[in-house]
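Asks: any chance you could fold what I've pasted below:
(one chain, ligands or ions: 2)
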Amino acid sequence: IHSKDQICHEDYQRTADWLLSQTQHRPKVAIICGSGLGMLADALKCQDLFKYSDIPGFPQSTVKGHAGRLVFGELKGKTCVCMQGRFHMYEGHSLIRVFKLLGVETLIVTNAAGSLADSYSCGDIMIIRDHINFPGLAGLNPLNGPNDDKFGPRFPPMSGVYDKNLRKMAFDICKSMGVSQCVQEGVYCMVGGPNFESIAEARLLHRLGVDAVGMSTAPEVLVASHCGMRVFGLSLITNKVVKSYEDNASVSHEAVLEVSKMRSETLQVLVTELISRMDINNNTA
Ligand SMILES: O=P(O)(O)O[C@@H]1C[C@H](O)[C@@H](CO)O1
Ligand SMILES: Nc1nc2[nH]cnc2c(=O)[nH]1
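Replies: Ligands and ions are numbered 1, 2, ... in the order given. Sure thing, here's the model as predicted:
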């Protein structure tokens, strides 16, 4: 699975079969941990843990703040698999289809993102209502190439991809956690990275109605939705994107990780409660 040109159903299946032979867990929910959010996996009980380097067909996670482990376990009686370390498009991989072949029905995706929306603050949690896949608009799409009908259709719709019921459920949970004041719902824009935005790019994204920008999530969501998974997404706002030439602030990956760590416990409680409340058998919340 190292070059996306060579990946076929059999490659994904081989990796899935190996994992199924190594663990008794049969996950219905997959969680992808964003930068610095790896502790989302810590809540899993009865863990089976695999380093990416030990999994046949898995590439290495190369970004700091992404441990590079696949963790299987139980969360409030639901079987989950958690990616402690994601692969970004700038690293060149996507492994969502392995989850599909493991039997996963729901994908929960998290990320660290910078905010464009003026009303957002650092540390806010944004429930993703929709996304703009910027590389996709220019033809860089994980669904490029011959379509494998065993996974999904050639021309998948992308309206209503972020499940409405799960979004409402998350809002209700935030209310009961007493954190509604720092919860937003908005549009996430994926850019290719790995650089952060120039001021002119930030202004462009702001004008386009983007609320938060990051370098992941959209490709994973596309592949998950293409193969029929239900999707829920959260962005942790780790920084405000600089939009003014008078503003001397500047972002760094270290600063992103610091804010992620500060807020990861809140995200862990939210994700745990969401999984606890969701129906996982028939793909409806
Ligand atoms: O994996 P995510 O999307 O959380 O990572 C974000 C985007 C970049 O990869 C990195 C920049 O700090 O964090
Ligand atoms: N592209 C992008 N990704 C991020 N990830 C965390 N913060 C940011 C940001 O400001 N821009």
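
Asks: those strands in this structure, which residues are they?
Replies: Ranges of strands in the chain, per DSSP state E, are 29-32, 45-51, 69-75, 78-84, 106-115, 125-133, 183-190, 212-214, 230-240.

Asks: quick check: the gap between the residue of the stretch 1-150 of the chain found nearest ligand 2 and residue 140.
Replies: Of all residues in the stretch 1-150 of the chain, residue 114 sits closest to ligand 2, at 2.1 Å by C-beta to the nearest ligand atom. From N, CA and C alone the C-beta is placed, and that goes for glycine too. As judged by C-beta to C-beta, to the nearest Å, residue 114 and residue 140 stand 21 Å apart.

Asks: first-to-last residue distance for stretch 23-35?
Replies: Stretch 23-35 has an end-to-end distance of 26 Å (criterion: C-alpha to C-alpha, to the nearest Å).

Asks: same thing with stretch 89-99?
Replies: Start-to-end, stretch 89-99 (C-alpha to C-alpha) is 18 Å.

Asks: over to stretch 82-97?
Replies: End-to-end distance for stretch 82-97, by C-alpha to C-alpha: 14 Å.

Asks: swap in stretch 176-190?
Replies: 30 Å.

Asks: return the distance of that stretch from the chain's centre.
Replies: In terms of C-alpha atoms, centre = their mean, to the nearest Å, the centre of stretch 176-190 is found 15 Å from the chain centre.

Asks: gap between the most centrally placed residue in the chain and residue 149?
Replies: In the chain, the centroid-proximal residue (C-alpha atoms, centre = their mean) is residue 109; its distance is 2.7 Å. Distance of residue 109 to residue 149, computed by C-beta to C-beta: 25 Å.

Asks: coming back round to it: which residues does the residue nearest to the centre of the chain bridge with?
Replies: residue 32, residue 233 (DSSP bridges).

Asks: ok, now which ones touch it?
Replies: 31-32, 34, 128, 217, 220-221, 224, 231-234 (C-beta atoms under 8 Å, 6 or more residues apart in numbering).

Asks: so which of those reach ligand 2?
Replies: Contacts with ligand 2 are made by none of those, judged by C-beta under 6 Å from any ligand atom.
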